[in-house]
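Visitor: fold the following, please.
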Amino acid sequence: WVEGDKWPAMERLLFFPGPAHGAERLRERVQAVHSALAAHATQRGGEIGACGVEMEGRADAEDGREHEPIDDYTVGRFLLAAKFDVSRAVHFMEEYLCWRRRVRGSIEPPSAWLETGACIVPFEDRFGRPVVVLRARYLPTIDMPLEVFEQGFCATLDAVVAHVLARRSSGVPLPGNPLDQYVCWIDTDGASRRNFSVANIKMMQRNATTRYPERIAKMYVLSPNLAVRTIWGIVKPMLLERTQNNIVMVPAAQVPSVLGDLIGDRARELLPPSYGGNAAPWIEPREARTLEQRAGALAAAAWRMLGTAPEDAPSSEMACPGPAQVPTQVRRRRGGGDGRGPAANPGTCSPCFAWFVSQIAS
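Guide: I've put the predicted structure just below:
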């Protein structure tokens with residue numbers, strides 16, 4: 001999803017809670033994962049993992065198309081998710097690459113997901129981290145099939161990842177977000193038990209671990225009532241200890257001050273009155289018409305950049321609020337930019353398979 005060559009990332013890996021041996025030991029494990037992935041690709045004659053996807057030459061990685069970097073930092077995230085077990089990290093990465101190839105790049109948000117208005121990505125916080133706002137009262141956990149919920153969830157995180165990669169690709173410094181992470185606000189005001197599903201929570205946890213590892217910095221549960229606290233008691237044992245420590249319960253009375261501190265100087269400009277700001281209230285889902293209103297300005301801009309925005313979704317022509325904007329170029333994933341469609345031109349998928357083979361084998 002970004003253009004250009006591999007970014008040196010080892011210095012950024014020092015932010016990871018790595019092995020006791022420190023940075024040098026972490027460097028060795030990163031190289032071990034690269035070597036194992038390269039060996040697996042060589043054994044399969046240019047294929048990666050069990051999906052049997054044939055790789056392409058380096059020329060395709062240098063033709064100006066957008067690619068997701070498979071760099072040291074990517075390996076570091078998968079190592080952390082695998083608790084620094086090299087073989088597990090390799091297994092997770094191969095599955096991830098196979099999944100990306102199978103879905104032909106980034107995920108398109110389903111209309112049923114957008115219509116709920118349950119999940120929006122309106123802006124960044126003061127650290128340059130995209131803010132994902134999950135409005136639990138709009139979650140149709142009973143009526144929406146799990147596969148549709150999963151597609152919408154993955155599409156939203158793809159927008160988040162694309163945004164931070166585009167920021168990094170443009171050269172905009174993000175000293176407050178060295179790990180390219182996002183924060184999640186779970187607004188439970190007005191929610192009840194019917195808005196929560198153990199199956200959906202398990203799905204999100206699984207995807208966050210295997211497909212988007214170490215992407216979330218903090219989760220803030222806003223205005224938790226008795227029902228929410230009861231559900232939290234049920235869900236908490238399902239989560240990793242590190243995940244549990246990253247979840248913050250914010251009482252209703254503290255929501256304005258906590259969110260205001262996270263957004264910083266632009267809090268009053270960006271936050272709606274319900275969160276202590278002076279911005280216009282967010283539109284109710286049933287009244288939303290544009291993609292920005294349904295999913296947030298940041299997500300809408302990222303999907304248009306990726307070429308996965310629904311073709312029938314009108315634009316409000318809003319600029320994405322935040323310290324910087326997402327690049328506006330659009331590359332249609334479905335058509336590959338040449339009108340032949342994904343089956344005829346699969347090389348335009350966002351994962352940089354061409355770069356992967358040429359770089360890690362060198």
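Visitor: give me every residue that touches the residue nearest the centre of the chain.
Guide: The centre of the chain sits closest to Leu157, judged by Cα atoms, centre = their mean, with a distance of 2.9 Å. By Cβ atoms under 8 Å, 6 or more residues apart in numbering, Leu157 lies in contact with 132, 182, 207, 211-212, 215. (Glycine included, C-beta is placed from N, CA and C.)
Visitor: check Ile263 too.
Guide: Taking Cβ under 8 Å, 6+ apart, one finds 123, 125-126, 270-271 in contact with Ile263.
Visitor: adding neighbour count, distance to Arg100 and pLDDT, write these out as a markdown table.
Guide: Converted to a markdown table, these look like this (neighbours: other Cβ atoms under 10 Å; distance: Cβ to Cβ, whole Å; pLDDT from 0 to 100):
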| residue | neighbour count | distance to Arg100 | pLDDT |
| --- | --- | --- | --- |
| Phe123 | 21 | 27 | 97 |
| Asp125 | 25 | 28 | 97 |
| Arg126 | 15 | 32 | 96 |
| Leu270 | 22 | 32 | 97 |
| Leu271 | 22 | 35 | 98 |
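Visitor: can you redo these as a markdown table with secondary structure and distance to Phe196?
Guide: Converted to a markdown table, those look like this (DSSP: H, G, I helix; E, B strand; the rest coil; distance: Cβ to Cβ, whole Å):
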| residue | secondary structure | distance to Phe196 |
| --- | --- | --- |
| Phe123 | coil | 26 |
| Asp125 | coil | 25 |
| Arg126 | coil | 30 |
| Leu270 | helix | 28 |
| Leu271 | coil | 25 |
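Visitor: and of those, the nearest to Val75?
Guide: Looking at these and their distance to Val75, the nearest is Asp125, at 26.7 Å (Cβ to Cβ).
Visitor: excluding chain neighbours, what is closest to that closest one?
Guide: Leu262 (4.7 Å; Cβ to Cβ, 6 or more residues apart in numbering).
Visitor: likewise for Pro256?
Guide: Nearest to Pro256 is Gly276, by Cβ to Cβ, 6+ apart, at 2.7 Å.
Visitor: mind listing what that neighbour touches?
Guide: Contacts of Gly276 by Cβ under 8 Å, 6+ apart are 255-257, 259-260, 267-268.
Visitor: follow-up on the earlier one: what's the pLDDT at the residue nearest to the centre of the chain?
Guide: Model confidence at Leu157, given as pLDDT, is 96.
Visitor: and Tyr275, by the same measure?
Guide: At Tyr275, pLDDT is 97.
Visitor: quick one: residues contacting it.
Guide: With contact set as Cβ under 8 Å, 6+ apart, Tyr275 has these partners: 255-256, 259-260.
Visitor: residues in contact with the residue nearest to Asp265 when sequence neighbours are not counted?
Guide: Using Cβ to Cβ, 6+ apart and skipping residues adjacent in sequence, the residue nearest Asp265 is Arg126, 7.3 Å away. By Cβ under 8 Å, 6+ apart, Arg126 lies in contact with 176, 262-266.
Visitor: likewise for Leu226?
Guide: Contacts of Leu226 by Cβ under 8 Å, 6+ apart: none found.
Visitor: any low-confidence regions in the stretch 201-350 of the chain?
Guide: Applying pLDDT under 70 to the stretch 201-350 of the chain flags residues 312-350.
Visitor: helices along that one, start to end?
Guide: Using DSSP state H, counting those that start in this stretch, the helices assigned to the stretch 201-350 of the chain run over residues 226-235, 241-245, 255-263, 267-270, 291-295, 297-306.
Visitor: name the member of the contacts of Tyr275 with the most neighbours.
Guide: Of all the contacts of Tyr275, the highest neighbour tally under other Cβ atoms under 10 Å goes to Leu259, namely 23 neighbours.
Visitor: how much space between the nearest residue to that residue once chain neighbours are set aside and Trp185?
Guide: On the basis of Cβ to Cβ, 6+ apart, the spatially nearest residue to Leu259 that is not a chain neighbour turns out to be Tyr275, at 5.0 Å. According to Cβ to Cβ, to the nearest Å, Tyr275 stands 9 Å off from Trp185.
Visitor: mind putting the contacts of Ile263 into TSV with distance to Ala301?
Guide: Conversion of the contacts of Ile263 to TSV gives the following (distance: Cβ to Cβ, whole Å):
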residue	distance to Ala301
Phe123	11
Asp125	17
Arg126	19
Leu270	15
Leu271	19
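Visitor: that's all I had, so thanks and see you.
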